[in-house]
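1. Here is a sequence together with a model predicted from it:
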There are 2 protein chains.
Amino acid sequence: MADLTVTLDTMLTTLLAEKKYSTIKDMLVTMNPADVALVFEDMEEDRIPLLFRLLPKDMAAETFVEMDSDLQELLIKGFSDYELHEVIEELYVDDAVDLVEEMPANVVKRILAQADPDLRKEINEILRYPEDSAGSIMTTEYISLRADMTVGEAITHIRRTALDKETVYTLYVTDRRKLIGSVSLKDILLVSSDATPIAEIMDTNVISVNTLEDSEEVAQKLKRYNFLALPVVDSDNRIVGIITFDDAMDVIEEEATEDIEIMAGMTPSGSKTYLKSSPFDLFKQRIPWLLLLMVSATFTGMIITGFENALAAQVVLTAFIPMLMDTGGNSGSQSSVTIIRAISLGELDFSDLPLVIWKEIRTSVMCGICLAFACFVKIMLVDYSFMKNTSVTPLVAAVVCLTMGLTVVLAKIVGCTLPMCAKRLGFDPAVMASPFITTIVDALSLLVFFNIANALLF
Amino acid sequence: MADLTVTLDTMLTTLLAEKKYSTIKDMLVTMNPADVALVFEDMEEDRIPLLFRLLPKDMAAETFVEMDSDLQELLIKGFSDYELHEVIEELYVDDAVDLVEEMPANVVKRILAQADPDLRKEINEILRYPEDSAGSIMTTEYISLRADMTVGEAITHIRRTALDKETVYTLYVTDRRKLIGSVSLKDILLVSSDATPIAEIMDTNVISVNTLEDSEEVAQKLKRYNFLALPVVDSDNRIVGIITFDDAMDVIEEEATEDIEIMAGMTPSGSKTYLKSSPFDLFKQRIPWLLLLMVSATFTGMIITGFENALAAQVVLTAFIPMLMDTGGNSGSQSSVTIIRAISLGELDFSDLPLVIWKEIRTSVMCGICLAFACFVKIMLVDYSFMKNTSVTPLVAAVVCLTMGLTVVLAKIVGCTLPMCAKRLGFDPAVMASPFITTIVDALSLLVFFNIANALLF
């Protein structure tokens, strides 16, 4: 993005210094609000309010929505009550809710005071839904039709009410607020006679979601059906809002980021981007897992201490510990990550466990045999023949390779089972990824290694 | 999903056996094509063609698109030429291209033979674009308007041509095929006079992408601007197609899955889901990295062998190797995964490297001090006082903790630098994630450990 804004920045700064406001306004109006927000973020703080006031009213609101929360707060603090009112009334309800959720309490108070009573009521209602529920991300600006309207009446209704609706392309047919059908604007336009009643062309098998449904599942549902929007209904099937594709896209991307962060042993960063996170934010995200995993490594340490005598007698075994542990850890996290992603995408649930375990066993036996064989060849070629390490006997190589094969199989079984069980128990399966699996597999591989060594070498 | 289709399956099987075709048809017609496809996938193979023939023509094509490629192939093989023709002509061009890309050569030949010459030409043109380019995922079914059309003329034009267009909600204004503007159907409907020329309401600052642009960047762009569709233009700014939000959503999700797979040391599975992958598919995906990492672990083995005498003299040191290696590996992959995701989301590029390194150094120093301190307390409490392991002296604990602190800092610097350099060199940054970082950090942590031990203990 940097290359896009860099020259604009200097140009705007110069024009501002020369007070050429109408030129600046003409420039900004040609741009997309998302880009204007980017330009603002790179400007010096004291110039932003002035620039913002140059934007036309509707564009100002759209640009405001695209800014990060620090910048929004800065602007709000500089707004007069009238300016704040103007911006807030232009926002869609879901954007107003996002704003209220991210601002500090004193700013929220001002925002709610400047919102019209209707808007305030809607914001408060949405705020009441649990975090990450369909209700919390929906917007209330949809168009509803009656089944007895004709196509002509519907078009007139749409044209009259479209202005402040988030989408006009999917219309919902209601009967005393109950959702009884949906119809796309495309279908309405395709009807040749304006006298056709909506009831005749509407789809009565409407796919909807409940206000309390998990937003990730909602996004997956919208994606699965390629819908522009999904209606949100309460327990009595009354429509209370809609969720549009752009919000679903955000959810899909955020959930993927969250999964990736958890899988790598971090607390999710939420909406805070890397560049906006302070080192202390990153520290807080990362330290809990590092501490937990360090402490849990006590077990591997104890296992090694338990076999100290064997290791003292055959120091050469120590040299293979990192390879065995790493290969085990990698095998395990391959399986766990694959399974976690499949669960996230709604492909697997707990009932598939036997099938998954059976598939992983067959895969891991192939991997195990292949790795054990390759490992044997490597040890005999590199360590024995090339590096002339005489303590690496064929028997030692056999112990290492046998451990390798067994560890891979165990690692993959553990790796696929833990995330499915976590899901079953209501935890986030992503927690069961690499760092956690690594610790368990480390312990397993050491136990296998020392027991095989004890049996064959001593 | 399972709970949704299970009862339907048995119901349909029974109704099929009783030859109640019109009941089945009535049932299927109420369903969404994506769900019908799911039901079909769970049916016995020989029943599917019969069921498919019960669907109305347009619904048949929509259901066909939602099926997985095995099922599509099965159906095509059973189709008469006429049936195949009917289905293909109902497909959007991008779906037809997907089909051609996934079918074996003999099936492709039949498909192209049954496509009308125009469609065949379009399919062949799209097939010529490189994989993962904007051109390869676009569709050619968009509606274009002329700037001198009035709103009334535009609406008539839209209603006449809407039927086989993938979206009618964003219209593109062209002048001798050059893209000069765009206008949303909402804006057209909001105009009060049908005599207003399109030129007056169109947005001339159209955001478009080039045919060769990477599909991941295209998806990010569409997401950033919350667009329903993005126009794809050639090097002369002539519009050649559009990419719609549903395709962008697929790209975003696939890219996230691909990143996750690569980060966990696997070859990406492409569009093949876990349940559709055979154990041999999984084996092929996983074994290359496992082999590579096993071989690269030779270095850690060599480092240990080099310090064999030190280890023989102080066997207690061995017990701390797993903890040091794991903590280092975890620290490194936390950084690398964070950076890889930020690169994927377009937040970071190579020019941010100094900033990133500086941020990671500060974070890692905090993590390092905290971990070293916690580790010292843990060793003195657990190993020294509780387990009465007399060989764990305070000096040994100091060696371990010093190593721990230094390793965390090194790991985080390596972890953030490698992905950025990979990106700079044109590789996929995700390759530089956990398994790769782990191997490097393992070697580093052992070198630090033994050198500190040599300096302080011997």
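-> Nice, I can see it.

2. Spell out which parts of the stretch 101-250 of chain A neighbour chain B.
-> Proximity of the stretch 101-250 of chain A to chain B (C-beta under 8 Å from any C-beta of the partner chain) is limited to residues A:155, A:158-159, A:162-163, A:168-169, A:185-186, A:189-190, A:204-205, A:207, A:223-226, A:228, A:245-246, A:248-250. All C-beta atoms are positioned from the backbone trio N, CA, C, and that covers glycine.

3. One more: the stretch 351-458 of chain A?
-> Taking C-beta under 8 Å from any C-beta as the criterion, the contact residues of the stretch 351-458 of chain A with chain B come out as A:351-352, A:355-356, A:359-360, A:362-363, A:366-367, A:370-371, A:374-375, A:378, A:382-383, A:387, A:389, A:404, A:408, A:434-435, A:438-439, A:442, A:446.

4. Narrow these to those in helices?
-> Taking DSSP state H, the ones among those that sit in helices are A:355-356, A:359-360, A:362-363, A:366-367, A:370-371, A:374-375, A:378, A:404, A:408, A:434-435, A:438-439, A:442, A:446.

5. Check the residues of the stretch 351-458 of chain A next to chain B for burial and list the buried ones.
-> Neighbour-count burial (16 or more other C-beta atoms under 10 Å in any protein chain shown) is assigned, among these, to A:352, A:356, A:359-360, A:362-363, A:366-367, A:370-371, A:374-375, A:378, A:382-383, A:389, A:404, A:408, A:434-435, A:438-439, A:442, A:446.

6. Would you agree A:Thr13 is in contact with A:Arg47?
-> Yes: between A:Thr13 and A:Arg47 there is a contact at 7.2 Å, judged by C-beta atoms under 8 Å.

7. Help me confirm that A:Val168 comes into contact with A:Ile155.
-> No: with contacts counted by C-beta under 8 Å, A:Val168 stays clear of A:Ile155, the gap being 10.6 Å.

8. joint contacts of these two?
-> By C-beta atoms under 8 Å, 6 or more residues apart in numbering or on different chains, A:Val168 and A:Ile155 have these common neighbours: B:Leu189.

9. neighbour-wise, which of these two wins?
-> A:Val168 (21 against 18; other C-beta atoms under 10 Å in any protein chain shown).

10. which residues does that one contact?
-> Under the criterion of C-beta under 8 Å, 6+ apart, the contact partners of A:Val168 comprise A:143, A:158, A:162, A:185, B:185-186, B:189.

11. Mind picking the two most distant members of the residues you listed?
-> Put simply, by C-beta to C-beta the two of these set farthest apart are A:Ile143 and B:Leu185, 13.3 Å from each other.

12. And these two? Which one has more around it.
-> B:Leu185 (24 against 20).

13. can you count the residues close to the closest residue to chain B within the stretch 1-150 of chain A?
-> Each residue of the stretch 1-150 of chain A has a distance to chain B, by C-beta to the nearest C-beta, and the smallest belongs to A:Thr30, at 4.7 Å. If you count neighbours by other C-beta under 10 Å, A:Thr30 ends up with 11.

14. Kindly list the main-chain dihedrals of it?
-> phi -70, psi -10 (degrees, to the nearest 10).

15. Run through the residues that contact the nearest residue to it once chain neighbours are set aside.
-> The shortest distance from A:Thr30 to any residue other than its chain neighbours is 4.7 Å, reached at B:Asn205 (C-beta to C-beta, 6 or more residues apart in numbering or on different chains). If you count contacts by C-beta under 8 Å, 6+ apart, B:Asn205 has them with A:30-32.

16. Quick one, grab the pLDDT at B:Asn205.
-> The predicted local confidence for B:Asn205 comes out at a pLDDT of 86.

17. Name the SS class of it, please.
-> coil (DSSP: H, G, I helix; E, B strand; the rest coil).

18. ok so, going back, selecting buried members of the residues of the stretch 101-250 of chain A next to chain B in PyMOL, what would you type?
-> Selecting the buried subset of those in PyMOL, with 16+ other C-beta under 10 Å as the burial test, is done by:
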select buried, chain A and resi 155+158+159+162+168+169+185+186+189+190+207+223+224+225+226+228+245+246+248+249+250
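
19. Could you pick out which of the residues of the stretch 101-250 of chain A next to chain B are located in helices?
-> Per DSSP H, helices hold the following members of those: A:155, A:158-159, A:185-186, A:189-190, A:223-225, A:245-246, A:248-250.

20. wouldn't A:Glu86 be in contact with A:Lys57 here?
-> Yes: using C-beta under 8 Å, A:Glu86 is in contact with A:Lys57, at 6.2 Å.

21. Comparing the two, which shows the higher neighbour count?
-> It is A:Glu86, of A:Glu86 and A:Lys57, that has more neighbours when counted by other C-beta under 10 Å, with 15 against 10.

22. Please identify which helix or strand holds that one.
-> Here A:Glu86 sits within helix A:81-90, counting by DSSP states H and E.

23. next one: A:Phe449
-> When elements are assigned from DSSP H and E, A:Phe449 belongs to helix A:434-457.

24. A:Asn330: what's it in contact with?
-> Applying C-beta under 8 Å, 6+ apart, we find A:Asn330 in contact with B:265, B:289-290, B:293, B:435, B:438.

25. Then A:Leu275?
-> B:342, B:347-348, B:352, B:355.

26. what comes up buried for stretch A:111-122?
-> Burial within stretch A:111-122, assessed by neighbour count using 16+ other C-beta under 10 Å, is assigned to A:111, A:114-115, A:119-120, A:122.

27. which one among these gets closest to B:Asp68?
-> Of all the buried residues of stretch A:111-122, the one with the least separation from B:Asp68 (C-beta to C-beta) is A:Glu122, at 42.0 Å.

28. so who does that closest one touch?
-> Taking C-beta under 8 Å, 6+ apart as the contact definition, A:Glu122 lies against A:93, A:140.

29. What strand or helix carries it?
-> Taking DSSP H and E as the criterion, A:Glu122 maps to helix A:117-127.

30. Repeat that for A:Leu75.
-> Secondary structure here is read from DSSP H and E; on that basis A:Leu75 sits in helix A:69-78.

31. Buried residues of that helix, list them for me.
-> In helix A:69-78, counting by 16+ other C-beta under 10 Å, buried: A:69, A:71-76, A:78.

32. re the thing from before, determine which two of the contacts of A:Asn330 are furthest apart.
-> Greatest spatial distance in the contacts of A:Asn330: B:Leu290 and B:Thr438, 12.6 Å, computed using C-beta to C-beta.

33. what are the phi and psi angles of A:Thr267?
-> Summarising the backbone geometry of A:Thr267 under the convention degrees, to the nearest 10, its torsions are phi -70, psi 130.
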